[in-house]
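**Student:** predicted model follows, preceded by the sequence.
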Amino acid sequence: MSAKHTPGPWHYWQRDIGGFRIEVSEDDPPLALVPTNGRPPVEVEANARLIAAAPKMLEALTVIRDWRDCRDKLAGEHAAHLLDVIDAITDLAASAVESAS
């Protein structure tokens with residue numbers, strides 16, 4: 001399966017006119033815009049972080065899918081690696097929705 005989306009990592013930057021841009025780099029055109037639409041700034045930034053984290057989350061979920069597909073062949077060390085991946089996904093999801101410090 002080949003990816004049909006823009007490869008990551010994606011980043012988010014605050015726009016001068018409000019909201020955020022999701023981009024590969026500040027020099028590239030935006031992949032997406034996250035407008036404020038009357039939402040609280042903390043929520044808008046959390047939405048931008050969540051969208052920007054999508055390529056990393058897809059990569060982590062792909063690892064889990066691949067592990068699931070061959071789990072009968074795997075031993076303990078691979079199970080430990082899967083737990084590390086699940087921890088990374090959990091941390092990534094949490095950081096995507098936490099408010100900015």
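**Tutor:** Looks like it arrived, so ask away. Residues are numbered from 1 along each chain as shown.

**Student:** what helices or strands is the lowest-mean-pLDDT helix or strand in the chain leaning on?
**Tutor:** The weakest-scoring helix or strand in the chain, judged by mean pLDDT, DSSP states H and E, is helix 76-97 (a mean of 72). Helices and strands touching helix 76-97, as assessed by 3 or more Cβ pairs under 8 Å, 6 or more residues apart in numbering; DSSP states H and E, comprise helix 41-52, helix 54-69. C-beta: built from backbone N, CA, C; applies to glycine.

**Student:** could you tell me the least trusted of the ones you listed?
**Tutor:** Confidence, taken as mean pLDDT, is least for helix 54-69 of these (a mean of 80).

**Student:** and that helix, what's buried?
**Tutor:** By 16 or more other Cβ atoms under 10 Å, the buried positions in helix 54-69 come out as 54-57, 59-60, 63, 67.

**Student:** give me every residue that touches the residue nearest to the spatial centre of the chain.
**Tutor:** Central residue of the chain (Cα atoms, centre = their mean): residue 53, 1.6 Å from the mean position. Contacts for residue 53 (Cβ atoms under 8 Å, 6 or more residues apart in numbering) come out as 10, 92-93, 95-96.

**Student:** quick one, which of the helices and strands packed on helix 76-97 is nearest to residue 87?
**Tutor:** Across those, residue 87 has its closest neighbour in helix 54-69 (10.0 Å, Cβ to Cβ).

**Student:** tilt between the closest one and helix 41-52?
**Tutor:** With axes from the mean of the first three to the mean of the last three Cα atoms, to 10 degrees as the basis, helix 54-69 and helix 41-52 are set at 50 degrees to each other.

**Student:** need the contact partners of helix 54-69.
**Tutor:** 5, 7-10, 74, 78, 81-82, 85-86, 88-89, 92-93, 96.

**Student:** and of these, the nearest to residue 49?
**Tutor:** Out of these, the member with the shortest distance to residue 49 (by Cβ to Cβ) is residue 96, at 4.5 Å.

**Student:** distance to residue 29 for the helices and strands packed on helix 76-97 - can I get that in a markdown table?
**Tutor:** Listed next are the helices and strands packed on helix 76-97 as a markdown table, based on distance: least, Cβ to Cβ, whole Å:
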| stretch | distance to residue 29 |
| --- | --- |
| helix 41-52 | 15 |
| helix 54-69 | 17 |
